[in-house]
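*Asks:* Provided below are the primary sequence and the corresponding predicted coordinates.
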Amino acid sequence: MKPSIFLKNPNLLLIIFLLLAINFTSANPDVVNYSSNLNQKSKGFYSTTNQFTILPLTRLFPRFPSFYSLFTSINNGDNATFEAIFRPMEFREPIIMIPIEGRYGMGFYGVDHLNPFRFDYGLITYEDDSVTVLKNNNIMGRFGHFMEFNALQINPSYYLFKKSYFDIHVGLSFRYFSVMDIPTAELGKYSITGPPEVPSDWPLKKTFAPRTVEGNILSSLILQWHPKWFLHLKYSYGMNRTRFYQGDGTSEFPYGNGTSSTYSVGLKFIRESKTAARYAIGLELKYMYLKIDKIVDPNNVTPITGIQYPMFGLYLNIGVFYGGNKTIGDDGKEHYLEKDYVSAAKKFQQFLSQYPHHARRGRAEKLIEICNHRIPNQLYTEGNNFKKVGKIDRALEKYVEASKMADGDLKKRLDRDIELIAQDYISMAESLFISGETDDALRMARSAASISESGQDVLKLMGVKITIRQGEVLATHGMYAQALEKFAIALEIEPSLWIDIRWNELKVANKMLEDVNKAYDEGTVRLAIESIKKSKEIMRKSDEKMDRMIEELERQLKVIGEYRVKQRIDEYANEARWKNIMRYMPKVELGMLVTEVQDILGEPDDITQRVDDKNRNYQMWIYNLPDNRRKFLYFEDYVLFKVEEE
C-alpha cells in the first residue's frame, strides 16, 4: 500500500482546513457583513466594542465569555500571536510567477518502516517465488544525488482573476536521481559497500543501482511570515523512467516506467536585485514515492516485474520569483497591532488606492471600519496624556479631532473637557487684558471662541474692550476725533457697554473744550459732534450732559469758522498788498550790489555765504514768497550774477 503523510495523519488535513477557513472569512467581506447583520438583529448580543464578530457567539457560548472574547479578538485582528502565525504579511503583493528554480541534493531510496538503515525487500516484486531475492542493499548502496529543474510556475488565480487569496503556483518539474557508485571499504569492524551485486543465478552480472528521470506537474504553496523569508510547500505528480542496473556493457534495457509523487517543504531566504526579479535561496526537505509497474525487457534478462520505493532527499535550492513585496497595508497592520488606529486607517486607505483588486481588500475595509470606531478613544487617551504633561494646546487638538467622530458617553466626556479648556483660555485672556497684553489676550480669546459658544461671546466682548482701550490711548495723545470714532464703533458692536463708552466720550469732549483757543481744525470738531450724536442714537436715551456737550462743540465750531474766515480775508489782503508792492517796486537786475538789492527787496529771510581759496565771497539770499514760493539771489564779491524762483 502506498504510504501517505495525509492518510497517516488525518488531523493534519483538519488543521489545514480550519486555517484556510479562517483566512477565507477574513478576506471576504460578504461573509463578515452577513454575520455582522446577524449580530445587529440579535438584540442583547450586540457589542459596540466587538461589533465585527462572524457569528453571534454569545448565543452559542453563553457560559464561556473567555472563549467568546478570544474568538472576537482573533476575528478582529487584535490577537498579535494569532496574526503573527496565521495571518502574517496578509497585505503583501502576491507572488505572481516563479519562472525558474534549480536544486541539487543528496538522499537515498528505500526504507523499512521509516528506518533508513534497513531496506524493505518486499517493495520489489518478481516473476515467481523461485527467483533469488536481491539482498545486502544497505544505506550506502542506496545513497545517491538529485538534480531538479522547475520552470514556468505561475499563479493561476492572479492571471485569471487579478487577485490571489493564496500563493498557489502550478508549473513543470524535471528531476534526475542516480545511485552513487561508492567503492567498498573496510573500517575495522565495519565495512562500507556500494550498490549490491545482483544474485549469481540471475541472467546478468551487474549492480542494482537505479537511475531515474522524472517529468512532473508541480503545484506549490508559499507561506510568507517575514519580508526576508518564506516557507515553500510543494506537491508534484508525474511519470518516471528508471534503469535498474549499472556495470560493464550497460545497455538501455531493461528499464521500467511508472508514476511518481513528491512532497516537500523548504525554507527560502529572499535576496533583492536591481530589477523586479527577486532571488530565493534555501534548503528543502523532500519525500518522493515511485511506483514502477511496467517493465520493458526485450531480452528477458531481469526477473523483476515491479518496484515501489520511497525516497528522501535534502536539497540546496535557488530560484527567481516576482512579487511578494511588503505593502503599505502591512505597515497599516503593524500600526493596528500597536493600537495606533489613526495611522493604521491612513495606511489601509492608501493600500486600497494602490491595490484596488487585492484579494485582501475586504479585510482592509473591515479593519478600517474597526479603526474608525476605535480612533476617538485613541485620540482621547492621547489628549489626556498631553494634558497630564501640561501641553494643553496639543491635548485640545486631540479632543476636537476625537469629538468629530465620537458618540455616546465618550462624546459627552469630550465636550465637557473641551469646555473646561475653553474656560481656562477665557480666564487667561482676561488676565492678559488686565495686564495690558491685548494681542495675547485677543489670541487666547480666539482660541476659546474656536471651541466654545461662550468663548465666542468672550471674543466679541474682548474685541470691544480692546477697541475702547485703543480710543483711550488715542485720546491720551490728543487724537480726540479718532478716539471718539473708536468709541462709536465699540458702542455699535456692544450697546450693553454704553455706560463705560459714554463716560469715555464725555472725557474726550471735555478735553477738547478745555482749550477753546486751540486751533482745532473744523473737520475734527465736526467728527466729534457726529460721534456723540451717533452714540445718542445707539443708546436711544436722552442725555443732558451730551446735549450740552454738543451745544458747546457747535459753538466752538462757529468760533473756528469765524476765525477761519477772518484768517482767509487777511491772507487775501496780504497777497494783494504784496502784488501791489511788487508791481511798483524797482526791478532787481543782474550786476546790482547787495545794498541796491536790499533797498528794493528788504532783508532776506535767509543768507548762506562762503569764501573760496582765492578769497572770493559768494552769497545766496533767500526770500519767501506767497503760495509757498521762494526766490534765490546769488552774489559773487557782493555783485548779483543770478536770480532763480521756485
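*Replies:* Structure received.
*Asks:* who's in contact with residue 424?
*Replies:* residue 392 (Cβ atoms under 8 Å, 6 or more residues apart in numbering). (Glycine included, C-beta is placed from N, CA and C.)
*Asks:* Which elements pack onto the helix or strand hosting residue 491?
*Replies:* For residue 491, the host element (DSSP states H and E) is helix 480-493. Under the contact criterion of 3 or more Cβ pairs under 8 Å, 6 or more residues apart in numbering; DSSP states H and E, helix 480-493 touches helix 453-476, helix 498-514, helix 522-539.
*Asks:* now the helices: where do they sit in the stretch 251-400 of the chain?
*Replies:* 328-337, 341-354, 361-388, 392-403 (DSSP state H, counting those that start in this stretch).
*Asks:* quick one: the last one to helix 341-354, angle?
*Replies:* When you say that, I think you mean helix 392-403. 50 degrees (axes from the mean of the first three to the mean of the last three Cα atoms, to 10 degrees).
*Asks:* what comes up buried for the following helix or strand past helix 392-403?
*Replies:* Remark: after helix 392-403, the chain's next helix or strand is helix 408-434, criterion DSSP H and E. Buried residues in helix 408-434, counted by 16 or more other Cβ atoms under 10 Å: 410, 414, 417-419, 421-422, 425-426, 428-430, 432-433.
*Asks:* Put the alpha carbons of stretch 438-452 into CSV.
*Replies:* Extracted C-alpha coordinates of stretch 438-452, given in CSV (Å, rounded to 0.1, in the frame of the first residue of the first chain):
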residue,chain,number,x,y,z
THR,A,438,-4.0,92.9,24.4
ASP,A,439,-2.6,91.0,21.4
ASP,A,440,-2.0,87.8,23.5
ALA,A,441,-5.4,88.3,25.2
LEU,A,442,-7.1,88.5,21.8
ARG,A,443,-5.3,85.4,20.6
MET,A,444,-6.4,83.5,23.7
ALA,A,445,-10.0,84.6,23.3
ARG,A,446,-9.9,83.5,19.6
SER,A,447,-8.7,80.0,20.8
ALA,A,448,-11.7,79.9,23.2
ALA,A,449,-14.1,81.1,20.5
SER,A,450,-13.0,78.3,18.2
ILE,A,451,-14.1,75.6,20.5
SER,A,452,-16.9,77.1,22.6
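*Asks:* Now do it, average pLDDT.
*Replies:* Averaging pLDDT along stretch 438-452 yields 81.
*Asks:* Can you tell me what sits against that stretch?
*Replies:* Stretch 438-452 is touched from outside by 393, 396, 400, 418-419, 421-423, 425-426, 428-433, 454-456, 458-459, 462-463, 466, 469, with contacts defined as Cβ under 8 Å, 6+ apart.
*Asks:* and what of stretch 218-229?
*Replies:* Contacts with stretch 218-229, where a contact means Cβ under 8 Å, 6+ apart, come from 84-85, 88-89, 92, 95, 98, 150, 153, 166-173, 230-236, 267-270, 282, 324-326.
*Asks:* Which ones among the residues you listed map onto helices?
*Replies:* Under the assignment DSSP state H, the contacts of stretch 218-229 contribute 84, 85 to helices.
*Asks:* Restricted to buried residues, select the contacts of stretch 218-229 in ChimeraX.
*Replies:* With 16+ other Cβ under 10 Å as the criterion, this ChimeraX line picks the buried residues out of the contacts of stretch 218-229:
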select :88,89,92,95,98,150,153,166,167,168,169,171,173,230,232,234,236,268,270,282,324,325,326
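*Asks:* quick one: least confident of the buried residues of helix 408-434?
*Replies:* pLDDT across the buried residues of helix 408-434 is at its lowest for residue 433, which sits at 79.
*Asks:* wouldn't it be in contact with residue 468 here?
*Replies:* No - counting by Cβ atoms under 8 Å, residue 433 sits too far from residue 468 to count as a contact (11.1 Å).
*Asks:* what's the overlap in contacts for these two?
*Replies:* Contacts common to residue 433 and residue 468, judged by Cβ under 8 Å, 6+ apart, are absent.
*Asks:* so residue 571 is in which element?
*Replies:* For residue 571, the host element (DSSP H and E) is helix 544-584.
*Asks:* Tell me which helix or strand comes right after that helix.
*Replies:* Following helix 544-584 in sequence order, the next helix or strand is helix 594-601 (DSSP H and E).
*Asks:* Report all helices and strands that the next helix or strand after that next one contacts.
*Replies:* Moving toward the C-terminus from helix 594-601, the first helix or strand encountered (DSSP H and E) is strand 606-611. If contacts are counted by 3+ Cβ pairs under 8 Å, 6+ apart, strand 606-611 sits against strand 617-625.
*Asks:* CA atoms of the helix or strand harbouring residue 220 as CSV?
*Replies:* When elements are assigned from DSSP H and E, residue 220 belongs to strand 207-226. Presented in CSV, the C-alpha positions along strand 207-226 are these (Å, rounded to 0.1, in the frame of the first residue of the first chain):
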residue,chain,number,x,y,z
THR,A,207,24.9,-4.0,-9.7
PHE,A,208,21.5,-2.9,-8.7
ALA,A,209,21.8,0.9,-8.9
PRO,A,210,18.6,2.7,-10.1
ARG,A,211,18.8,5.9,-12.1
THR,A,212,15.5,7.7,-12.5
VAL,A,213,14.4,10.5,-14.8
GLU,A,214,11.0,12.2,-14.0
GLY,A,215,8.7,14.7,-15.5
ASN,A,216,6.0,16.1,-13.2
ILE,A,217,3.2,18.6,-12.9
LEU,A,218,4.1,20.7,-9.9
SER,A,219,1.9,22.7,-7.5
SER,A,220,3.2,24.7,-4.6
LEU,A,221,2.0,26.9,-1.7
ILE,A,222,4.1,29.8,-0.3
LEU,A,223,3.6,30.9,3.3
GLN,A,224,5.4,34.1,3.8
TRP,A,225,5.8,35.1,7.5
HIS,A,226,8.5,37.7,7.0
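*Asks:* so where's the stretch 51-200 of the chain uncertain?
*Replies:* 51-65, 185, 187-191 (pLDDT under 70).
*Asks:* quick one, strands of it?
*Replies:* For the stretch 51-200 of the chain, applying DSSP state E, counting those that start in this stretch gives strands covering 95-109, 124-126, 143-154, 167-179, 185-187, 190-192.
*Asks:* For this structure, name the helix or strand with the lowest mean pLDDT.
*Replies:* helix 29-41 (a mean of 38; mean pLDDT, DSSP states H and E).
*Asks:* ok, residue 447 to residue 402 distance?
*Replies:* Residue 447 is 18 Å from residue 402, where distance means Cβ to Cβ, to the nearest Å.
*Asks:* what does residue 622 give?
*Replies:* Distance from residue 622 to residue 402, by Cβ to Cβ: 78 Å.
*Asks:* Between the two, which is the more surrounded one?
*Replies:* Using other Cβ atoms under 10 Å as the criterion, residue 622 and residue 402 rank with residue 402 on top: 25 against 13.
*Asks:* can you pull the contacts of the more buried one?
*Replies:* 375, 376, 377, 378, 379, 380, 383, 410, 414.
*Asks:* Need the nearest residue in space to the fourth one, chain neighbours excluded.
*Replies:* Meaning residue 378. Of all residues beyond its chain neighbours, the one nearest residue 378 is residue 341 (5.2 Å), with distances taken as Cβ to Cβ, 6 or more residues apart in numbering.
*Asks:* count of neighbours near residue 83?
*Replies:* 18.
*Asks:* and it, what is it in contact with?
*Replies:* Neighbouring residues of residue 83 by Cβ under 8 Å, 6+ apart: 77, 333, 337.
*Asks:* go on, residue 201?
*Replies:* Counting by Cβ under 8 Å, 6+ apart, residue 201 makes contact with residue 132.
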